[in-house]
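Undergrad: missing the sequence, but the structure's below:
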């Protein structure tokens, strides 16, 4: 997933809430799909952050 796809997946999490589906329509399966996609996006982002940490990206140089 690219940055935009990750952001979109996370923004779609409210589809999992019953109140959202009641107000805007949708079924529980769509809510599950939204959560699965968000979980994959979050795990990818987590992995990317761990890779940055291992590579030392963003660390200040000690003077």
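TA: Here it is on my side, so go on. Because the structure is a prediction, the values reported are computed rather than measured.
Undergrad: Kindly list the longest helix within this structure.
TA: Longest helix in the chain by number of residues, with DSSP state H as the criterion: helix 28-55.
Undergrad: what about it, average pLDDT?
TA: Average pLDDT, helix 28-55: 94.
Undergrad: for that helix, packing partners?
TA: The helices and strands touching helix 28-55, judged by 3 or more C-beta pairs under 8 Å, 6 or more residues apart in numbering; DSSP states H and E, are helix 3-11, helix 18-24. Where you see a C-beta, it was placed from the backbone N, CA and C, and this is true even at glycine.
Undergrad: Give me the residues contacting the first one.
TA: This points to helix 3-11. 1, 34, 37-38, 40-42, 44-45 (C-beta atoms under 8 Å, 6 or more residues apart in numbering).
Undergrad: thinking again about what came up before, need the winner for burial among the helices and strands packed on helix 28-55.
TA: Neighbour counts (mean count of other C-beta atoms under 10 Å) averaged over each of the helices and strands packed on helix 28-55 peak at helix 3-11, with a mean of 14.
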